[in-house]
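# Give me coordinates for this.
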Amino acid sequence: MSADYWNTMVLPMLEGAQMTVLLFLIAIVVSIPLGFGLTLAVKSSSKPVSWLAHTYIYVMRGTPLLLQLLIICFGLPMLPVVGEYLVLDRFAAACLGFILNYAAYFAEIFRGGLLAIDKGQYEASQVLGLSKWQTTTRIILPQMFRVVLPAVSNESITLIKDTALLYAVAVPELLHFAQTAVNRDFTIVPFFIAGIIYLIMTLLLTLLFKWMERRFKYE
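The predicted structure follows:
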């Protein structure tokens, strides 16, 4: 295979990988704090707020991400009266779908992290005269973060791989260009290259979280 052919095949796939990385960054930056907010809502003393948060998490975790993407991209514009106002750019719609879905998963991860904190930590903070805000930010959150970091790492790696679902809603990402090359050239080589690119991205992400785990382990 000539260098020109490789450029024709690989360069578009690298451009698609940029779209993959962009979606990942947007989804992870927004869904993590949103997930933590949902965790707080679940623990709220207000029963309606807690119930709504529980219901949201159940629905988003209980239905396929692909179905949610299809509803946001193609279903919402079909709603009577308001549908015309819910037409979104495909990439924006995909970002919204990923954020809403992964926020529910991160909420459960954070809830598990909070449950892992011994109640004595709260009592000790009260004895020391710390306010609720100080207890949360200085005592509880740092410990929770250490506990949930491995689970957040796994979920983030899953997010990288799930970006391939963009292909189903016609957003030109890595897999889209790989499939285009396969159909054009009648070879499965582009699929292997796409797999290598995904492996590189997940490897870099894994190394980042391993470094974070080592750092927070000794703090």
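# who touches Val152 in this structure?
32, 106, 109, 209 (Cβ atoms under 8 Å, 6 or more residues apart in numbering). From N, CA and C alone the C-beta is placed, and that goes for glycine too.
# average pLDDT across the strand or helix carrying Leu100?
Here Leu100 sits within helix 90-115, counting by DSSP states H and E. The average pLDDT for helix 90-115 rounds to 92.
# In it, which of the residues would be classed as buried?
For helix 90-115, a neighbour-count test (16 or more other Cβ atoms under 10 Å) marks 90-91, 93-111, 113-114 as buried.
# Ok, stretch 168-188 next?
Going by 16+ other Cβ under 10 Å, stretch 168-188 has these buried residues: 169, 171-178, 180-182.
# Filter these down to the ones in helices?
Taking DSSP state H, the ones among the buried residues of stretch 168-188 that sit in helices are 174-178, 180-182.
# Which one of these is nearest to Thr202?
Leu174 (12.5 Å; Cβ to Cβ).
# related to what we said a few turns ago, farthest-apart pair in the contacts of Val152, please.
Phe106 and Phe209, at 14.2 Å, using Cβ to Cβ across the contacts of Val152.
# From the chain's centroid, how far away is the top helix by length along the chain?
Determined from DSSP H, the single longest helix within the chain is helix 3-42. Averaging C-alpha positions (Cα atoms, centre = their mean, to the nearest Å) puts helix 3-42 9 Å from its chain's average.
# how far out from the middle of the chain is the following helix or strand past that helix?
Downstream of helix 3-42, the next assigned helix or strand under DSSP H and E is helix 47-62. Relative to its chain's centre, helix 47-62 lies at 18 Å (Cα atoms, centre = their mean).
# Helix 47-62 packs against which elements?
Helices and strands touching helix 47-62, by 3 or more Cβ pairs under 8 Å, 6 or more residues apart in numbering; DSSP states H and E, are helix 3-42, helix 90-115.
# Dump those to TSV, plus distance to Pro77.
TSV is the format used below for these (distance: least, Cβ to Cβ, whole Å):
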stretch	distance to Pro77
helix 3-42	21
helix 90-115	10
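# For Thr158, which of these is the nearest?
Closest among the helices and strands packed on helix 47-62, using Cβ to Cβ: helix 90-115, at 8.4 Å.
# which secondary structure elements does that closest one contact?
Counting contacts by 3+ Cβ pairs under 8 Å, 6+ apart, helix 90-115 is packed against helix 3-42, helix 47-62, helix 65-70, helix 141-162.
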